[in-house]
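S.K.: Fold the stuff below for me.
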Amino acid sequence: MNNYYTIKLLLKEIESKLECSRFQTAYSFVKNAIVLCFYDSSREYNLFLSSEKNLISCYLLNDIKEPRGNAAYFFSNLKHSEVITFEQIEGERALRFSFPDDFELIITLFGSSSNVFLLKENIIVQSFKSEKKWLGKTLKDIFPKMSQNTIQKKDIRSQILQIAPKLPRNFIQELIHYQQANLLSESLIKSEVERWVQHLEVNPSPRLLDDYRFTLFPESILPIPSKMEFSSVNEAIRRSWAIILNETRLGSEKQEWLNRLQQRIRYLDGLVEQATQTHIQKEQSELWQNYGHLLMAQPNQRLKVKEIRTQDFFSEKGEISIPLKEDFTLTENANRYYERSSNAKKSIQILEQQGEEAKNQLLIYKPVLTDLLNCDRYALFLEWKKKWKNQLESFNLQGSVQTETDGFTAFEMNGYEIWLGRNAKSNDIVLQKSHKDDIWLHARGVSGSHTIIRMRKNRENPPIDILEKAASIAAWHSQAKGQSLAPVQFTRRKFLRKPKGAAAGLVKVDKEEVLMVKPLRNGIE
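M.R.: Numbering: from 1, shown residues only. Alright, predicted model coming up:
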């Protein structure tokens with residue numbers, strides 16, 4: 001979209017509209033894009049420039065409204081100045097506007113140097129990008145001359161570029177393949193390349209290929225089927241840029257959602273697998289309960305031994321050995337085993353419940369993932385988001401992953417958004433922005449980061465593994481970081497109070513629970 005011949009044809013198409021018009025303003029509302037606004041007695045014209053890598057392009061855009069906020073403005077010196085000339089700089093992929101009082105506006109459309117410059121008497125006084133680098137430099141600095149030896153005559157591609165250095169390089173290999181240029185003699189190569197150039201200059205065919213790449217070559221030269229054909233170069237560039245931008249978005253956004261869904265499905269599969277393995281814990285729970293019964297059948301005394309041998313009435317094994325805590329009585333040891341057995345039963349119940357819930361969630365997640373894998377266009381991806389919006393929201397998968405925002409760190413963990421304060425002031429921001437039903441965690445008894453698990457008004461606690469991972473992260477970001485195990489308090493945000501006049505980050509906790517966890521940077525050992 002930014003090769004020499006495209007720019008030449010674009011200029012021919014739009015120069016009559018912009019010559020003798022007046023400059024209104026220039027603004028940028030997204031990174032690597034700027035809009036130059038012109039007007040005449042009858043209408044307004046917006047020249048759009050994208051300097052994004054692989055999306056460098058320039059075209060006239062009519063259906064755009066100037067943003068009301070969050071925009072950077074440029075080149076106010078030119079306001080209401082009349083365009084004297086609008087031309088392509090000879091031999092370059094660049095356009096030039098000239099204005100009264102020796103002002104010039106240069107648009108460069110090549111590589112990482114794609115930019116817009118304002119010059120006064122051939123000196124750069126402002127630029128769209130990298131202004132500090134360019135201030136005070138001249139036109140010669142913008143267009144450094146390439147060495148004559150840059151292109152060496154080594155292979156067929158180099159020979160072609162020697163003959164026509166301005167040929168669109170992204171199609172050279174395909175032209176060589178389709179036209180079998182590697183089988184031609186040197187003289188025939190020259191006449192073949194000249195034929196290609198003639199088509200670009202005299203008989204261009206603006207079209208989008210099957211993969212939405214823009215080209216001026218007709219199918220007779222580049223026999224790749226057309227997706228769309230155009231009579232206007234400007235319209236072809238505009239459509240191609242929009243489609244490629246969306247396909248680029250599709251790649252990054254789709255991958256982000258794939259990662260989330262696949263990670264969540266792996267987690268749910270793990271819960272289902274754990275639920276199928278509870279027979280081992282059931283056997284252990286039963287064994288501990290039997291230990292308790294056997295010890296309670298003994299006279300209560302403090303034996304101060306590490307184990308006791310007794311008759312096993314619950315199996316045919318005969319005598320068994322039961323480990324003891326030496327400083328406990330037999331009754332206290334029995335109660336310890338009863339407590340272990342009770343905790344194991346509770347754990348089994350939680351695992352089985354989580355396994356059933358995970359099975360139900362997988363019935364939804366897997367079709368969502370299958371649908372996503374079938375999205376091969378951005379429009380289909382947007383339809384996918386709309387179709388599954390309620391499900392994504394209900395499983396805390398809606399929204400985008402963030403890193404640093406609003407003075408605190410935010411990230412996604414197994415479908416849950418986690419907020420982490422970075423200092424005392426940041427801790428206050430975390431509390432102010434969190435919801436009353438969010439889960440708050442903090443290393444107990446020491447200074448550290450306030451940690452929030454976003455619950456999106458869900459009053460059920462998150463899975464225990466999420467709580468433990470978040471607690472490990474909270475412990476890591478505290479003075480308990482060096483401990484092998486650290487107590488971390490957690491509660492709903494609504495059970496915190498900020499005392500009047502309290503220092504930044506200080507809160508009162510009205511109700512809490514405590515987890516013992518190993519401090520870990522990412523919650524994973």
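
S.K.: For residue 93, list the residues it contacts.
M.R.: 2-4, 7, 108-110 (CB atoms under 8 Å, 6 or more residues apart in numbering). In short, each C-beta sits where N, CA and C put it, glycine included.

S.K.: And these, which two are furthest apart?
M.R.: Farthest-apart pair in the contacts of residue 93 is 3 and 108; separation 13.6 Å (CB to CB).

S.K.: the more surrounded of these two?
M.R.: residue 108 (25 against 21; other CB atoms under 10 Å).

S.K.: How many residues are close by the closest residue in space to the more buried one that isn't next to it in sequence?
M.R.: Distance criterion CB to CB, 6 or more residues apart in numbering; nearest residue to residue 108, sequence neighbours excluded, is residue 94 at 4.7 Å. Applying other CB under 10 Å, we find 24 other residues in the vicinity of residue 94.

S.K.: wouldn't residue 94 be in contact with residue 113 here?
M.R.: No. Residue 94 is not in contact with residue 113 according to CB atoms under 8 Å; the separation is 9.7 Å.

S.K.: for the longest strand seen in the chain, the distance to its chain's centre please.
M.R.: Longest strand in the chain, counting residues (DSSP state E): strand 22-30. Relative to the centre of its chain, strand 22-30 is centred 28 Å away, using CA atoms, centre = their mean, to the nearest Å.

S.K.: could you point out which element follows that strand?
M.R.: strand 33-39 (DSSP states H and E).

S.K.: Report the angle between that following strand and strand 22-30.
M.R.: Per axes from the mean of the first three to the mean of the last three CA atoms, to 10 degrees, the angle that strand 33-39 makes with strand 22-30 is 160 degrees.

S.K.: in its sheet, what does strand 33-39 sit against?
M.R.: strand 22-30 (antiparallel), strand 44-50 (antiparallel) (DSSP bridges).

S.K.: Report the distance from that strand to the chain centre.
M.R.: 29 Å.

S.K.: What of stretch 430-441?
M.R.: For stretch 430-441 - counting by CA atoms, centre = their mean - the centre lies 24 Å from the chain centre.

S.K.: which parts of that stretch are buried?
M.R.: Residues of stretch 430-441 classed as buried: 430-431, 433-434, 438-441 (neighbour count, 16 or more other CB atoms under 10 Å).

S.K.: From residue 191, how far out is the closest residue to residue 196 other than its chain neighbours?
M.R.: Among residues not flanking residue 196 along the chain, residue 221 sits closest, at 5.9 Å (CB to CB, 6+ apart). Going from residue 221 to residue 191 by CB to CB, to the nearest Å gives 14 Å.

S.K.: With residue 270 instead?
M.R.: 66 Å.

S.K.: So for the two, which sits in the more crowded spot?
M.R.: Ranked by neighbour count (other CB under 10 Å), residue 270 and residue 191 place residue 270 first, with 14 against 11.

S.K.: Tell me which helix or strand comes right after whatever helix or strand that one lives in.
M.R.: Secondary structure assigned from DSSP H and E places residue 270 in helix 233-276. Per DSSP H and E, helix 233-276 leads on to helix 278-296 as the next helix or strand towards the C-terminus.

S.K.: what's the spacing between the next helix-or-strand element following that next one and its chain's center?
M.R.: Where DSSP H and E defines the elements, the next helix or strand beyond helix 278-296 is strand 307-311. In terms of CA atoms, centre = their mean, the centre of strand 307-311 is found 61 Å from the chain centre.

S.K.: Does anything pack onto the helix or strand following strand 307-311? Which helices or strands?
M.R.: Sequence-wise, the next helix or strand downstream of strand 307-311 (DSSP H and E) is strand 319-323. Contacting strand 319-323 under the criterion 3 or more CB pairs under 8 Å, 6 or more residues apart in numbering; DSSP states H and E are the following elements: helix 278-296, strand 307-311.

S.K.: Lovely, talk soon.
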